[in-house]
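**Student:** Based on what follows, work out the 3D shape:
(one chain, ligands or ions: 1)
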Amino acid sequence: MNICVIGTGYVGLVTGVVFSDLGNEVVCVDSDKAKIAKLKRGIPTIYEPGLKEMLQSNIEDQRLSFTTNLGEGVNKSEIIFICVGTPQKNNGETNLSFVESAAREIAGNLREYKIIVNKSTVPVGTGDLVREIIEKNKKYQVDFDVVSNPEFLREGSAIKDCLTPDRIVIGVPNKKVANRFLELYSPLERPMLITDVNSAEIIKYASNSFLATKISFINAIADLCETAGANITDVAKGMGYDSRIGREFLNAGLGYGGSCFPKDVHSLVHTAQKFGIKFSLLENVIQINDQRVDSFVGRIEKRFKKLKDKTIGILGLAFKPDTDDLREAKSIEVIKKLLAKGARVKAYDPVAMESARKILPKVEFCKSSYDAAKGAHALIIITEWREFKLLNLERIKNEMACPVIFDGRNMYDPERKRRLGFEYYSIGRK
Ligand code: UGA
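**Tutor:** As a prediction, the model looks like this:
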């Protein structure tokens with residue numbers, strides 16, 4: 001099939017690359033000239049395992065191309081995916097201005113029947129909005145359909161998630177369009193749900209908000225474990241064996257970050273409000289998440305009485321492992337609080353340091369975990385990169401001014417750390 005993808009952010013780029021790898025002809029469109037120039041040369045603009053190889057091989061096979069000319073992409077394609085950013089406004093609402101302008105531009109270039117798909121995360125009703133904008137702005141009397149096909153990929157495993165999704169949700173206005181989508185996705189051989197557009201839009205927000213709820217729930221239980229003298233790792237394991245609950249997304253820690261959960265939970269609260277519904281459950285989910293960093297930094301401060309002139313080593317900056325993304329990363333919150341309290345901060349992350357330099361100019365960036373530990377009064381683990389599990393902790397201890405570890409992701413076994421001579425604090429464990 002001939003496909004156009006508008007927007008080459010995380011979702012757009014990965015979607016375009018994977019569709020081309022499945023044998024479709026794909027044109028990716030973005031207004032950012034520098035980005036398109038890089039992508040044309042086969043250089044990925046994000047860090048994602050497996051992306052580079054797939055990008056380059058499909059460009060070489062001429063199934064994948066990049067352009068800044070939206071009209072060209074629309075004209076060549078039968079299906080047009082809108083994958084532009086949907087950031088958050090100050091009031092929690094989703095900012096749809098990029099989706100709206102993409103719809104207007106598509107309308108201006110519509111010369112024959114096309115299927116226009118919202119893949120960006122958009123609130124219920126956006127399908128109707130896109131339809132109205134295109135109706136109003138189209139120059140020729142041509143027919144078109146609007147579909148909702150939300151994306152569920154995770155950063156860090158985006159290619160894998162795209163190739164083997166748990167489910168494919170397709171919100172369609174009629175059977176004819178449903179059949180085109182069943183055909184498009186059939187090579188993946190994954191479960192597909194055909195539904196209406198509004199339901200598909202809600203499925204995406206409900207899924208992300210449910211996962212965020214799981215995280216805040218386990219974090220609240222972790223607080224209880226800490227005070228009552230229990231172990232959150234065992235509690236989560238004990239709960240997770242129940243197949244109705246499941247073990248995933250029950251890792252207690254500093255809370256959820258990234259470009260999706262914080263924004264999407266706020267947006268769902270706002271959407272509910274628009275329909276006259278107060279979503280108190282999600283308001284509490286947000287509140288619990290917002291308190292995580294404060295209470296974590298509070299514990300560090302309590303241990304040292306004063307943080308002024310203390311050297312703190314940070315391991316991990318990305319909002320989660322296997323990505324260089326710093327959006328809503330807990331590292332930024334923690335570091336800003338430590339700096340405000342007068343601490344000196346040294347940090348190391350396997351891939352996110354380049355972007356971090358721009359956001360955190362007062363931090364000393366280190367070449368390795370051992371460098372970050374050098375002279376530190378405490379080492380703080382913020383992102384659970386696998387390489388931190390494999391550290392030589394004897395060497396880490398020898399580098400430090402004071403062998404104290406605050407583990408914000410429960411990476412290590414507390415007993416072992418203590419045997420090695422560390423003062424070890426983690427989340428929800430004695
Ligand atoms: C999330 C969803 O998992 C994807 O399905 C969805 O497509 C995506 O949002 C999106 O809407 O675009 P992502 O933000 O890439 O994906 O990252 P997750 O792996 O879901 O992690 C989100 C945050 O939750 C991270 O900060 C992570 O550290 C935190 N988390 C996750 C926990 O604190 N505990 C857990 O047990 C799991």
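
**Student:** Flag every residue of the stretch 101-250 of the chain that's near the ligand.
**Tutor:** Proximity of the stretch 101-250 of the chain to the ligand, by Cβ under 6 Å from any ligand atom, involves residues 121, 151-155, 208, 211, 215, 249-250. All C-beta spots, glycine's among them, are computed from the backbone N, C-alpha and C.

**Student:** hmm, try it at 5 Å
**Tutor:** With Cβ under 5 Å from any ligand atom as the criterion, the stretch 101-250 of the chain comes near the ligand at residues 152, 154-155, 215, 249.

**Student:** Which of the residues you listed ranks first by neighbour count?
**Tutor:** E155 (24 neighbours; other Cβ atoms under 10 Å).

**Student:** Need the pLDDT of that residue.
**Tutor:** Listed pLDDT for E155 reads 90.

**Student:** With I46 as the reference, measure out to it.
**Tutor:** According to Cβ to Cβ, to the nearest Å, E155 and I46 sit 8 Å apart.

**Student:** Could you name every residue contacting both of these two?
**Tutor:** Jointly contacting E155 and I46 under the rule Cβ atoms under 8 Å, 6 or more residues apart in numbering are 10, 325.

**Student:** SS state for the residue of the chain positioned farthest from its centre?
**Tutor:** The C-alpha centroid of the chain is most remote from Q141, which lies 39.5 Å away (Cα atoms, centre = their mean). For Q141, the assignment made with DSSP: H, G, I helix; E, B strand; the rest coil gives coil.

**Student:** Just to check, K40 is in contact with T68?
**Tutor:** No - in this structure, K40 is not within contact of T68 by Cβ atoms under 8 Å, at 10.2 Å.

**Student:** how distant is stretch 288-298 from the center of its chain?
**Tutor:** Here stretch 288-298 shows a centroid-to-chain-centroid distance of 20 Å under the convention Cα atoms, centre = their mean, to the nearest Å.

**Student:** same deal with stretch 321-339?
**Tutor:** How far stretch 321-339 lies from its chain's middle: 13 Å, per Cα atoms, centre = their mean.

**Student:** Identify each buried residue in that stretch, please.
**Tutor:** For stretch 321-339, burial by neighbour count (16 or more other Cβ atoms under 10 Å) applies to 321-339.

**Student:** Name the nearest residue to K346, sequence neighbours excluded.
**Tutor:** Distances taken as Cβ to Cβ, 6 or more residues apart in numbering put E364 closest to K346, at 4.5 Å, once the chain neighbours are dropped.

**Student:** Please report the distance of the one you found from D349.
**Tutor:** Distance from E364 to D349, by Cβ to Cβ: 13 Å.

**Student:** Look at the two and report which has more neighbours.
**Tutor:** D349 (26 against 15).

**Student:** show me the residues around the more buried one that make contact.
**Tutor:** D349 is in contact with 315-318, 331, 356, 383, 385, counting by Cβ under 8 Å, 6+ apart.

**Student:** Kindly recompute the last result at 10 Å.
**Tutor:** 314-318, 321, 324, 326, 329, 331, 355-356, 365-366, 369, 372, 382-383, 385 (Cβ atoms under 10 Å, 6 or more residues apart in numbering).

**Student:** so what's it closest to, chain neighbours aside?
**Tutor:** The shortest distance from D349 to any non-neighbouring residue, by Cβ to Cβ, 6+ apart, is to L317 (3.8 Å).

**Student:** that older thread, could you pull out the residues contacting both of E364 and D349?
**Tutor:** When contacts are counted by Cβ under 10 Å, 6+ apart, E364 and D349 are jointly contacted by 314, 372.

**Student:** what's the average pLDDT for stretch 100-115?
**Tutor:** Stretch 100-115 carries an average pLDDT of 97.

**Student:** Alpha carbons only: can I get that stretch in PDB?
**Tutor:** Extracted C-alpha coordinates of stretch 100-115, given in PDB (Å, rounded to 0.1, in the frame of the first residue of the first chain):
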ATOM      1  CA  GLU A 100      -5.500  20.800  13.200                       C
ATOM      2  CA  SER A 101      -2.900  22.300  10.900                       C
ATOM      3  CA  ALA A 102      -2.000  18.900   9.500                       C
ATOM      4  CA  ALA A 103      -5.700  18.400   8.700                       C
ATOM      5  CA  ARG A 104      -5.900  21.800   7.000                       C
ATOM      6  CA  GLU A 105      -2.900  21.000   4.900                       C
ATOM      7  CA  ILE A 106      -4.200  17.600   3.900                       C
ATOM      8  CA  ALA A 107      -7.500  19.200   2.900                       C
ATOM      9  CA  GLY A 108      -5.700  21.700   0.700                       C
ATOM     10  CA  ASN A 109      -4.000  18.800  -1.100                       C
ATOM     11  CA  LEU A 110      -6.900  16.400  -1.400                       C
ATOM     12  CA  ARG A 111      -7.600  15.500  -5.000                       C
ATOM     13  CA  GLU A 112      -9.100  12.000  -4.700                       C
ATOM     14  CA  TYR A 113     -10.400   9.600  -2.000                       C
ATOM     15  CA  LYS A 114      -8.000   9.100   0.900                       C
ATOM     16  CA  ILE A 115      -8.100   7.500   4.400                       C
END
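
**Student:** before we move on, what SS does the closest residue to E333 other than its chain neighbours have?
**Tutor:** Counting by Cβ to Cβ, 6+ apart, V293 is the residue found nearest to E333 once chain neighbours are left out, at 4.4 Å. The local conformation at V293, judged by three-state DSSP, is helix.

**Student:** same check, this time on I203
**Tutor:** For I203, the assignment made with three-state DSSP gives helix.

**Student:** for this structure, what spans make up the strands?
**Tutor:** Assigned strands in the chain, in chain order: 2-6, 25-29, 64-67, 79-82, 114-118, 144-148, 168-171, 192-195, 311-315, 344-348, 364-365, 378-381, 404-407, 423-425 (criterion: DSSP state E).

**Student:** what packs against the first one?
**Tutor:** If contacts are counted by 3 or more Cβ pairs under 10 Å, 6 or more residues apart in numbering; DSSP states H and E, strand 2-6 sits against helix 10-21, strand 25-29, strand 64-67, helix 70-76, strand 79-82, helix 97-108, strand 114-118.

**Student:** ok, 8 Å please
**Tutor:** On a contact count with 3 or more Cβ pairs under 8 Å, 6 or more residues apart in numbering; DSSP states H and E, strand 2-6 meets helix 10-21, strand 25-29, helix 70-76, strand 79-82.

**Student:** What average pLDDT does stretch 74-91 get?
**Tutor:** 95.

**Student:** hmm, back to that, contacts only, for the residue nearest to E333.
**Tutor:** 254-255, 330, 333-334, 337.

**Student:** I'd like the distance between it and S331.
**Tutor:** The gap separating V293 from S331 is 10 Å, by Cβ to Cβ.

**Student:** Show me which of the residues of the stretch 101-250 of the chain next to the ligand is closest to N174.
**Tutor:** Among these, F152 lies closest to N174 (Cβ to Cβ), at 23.9 Å.
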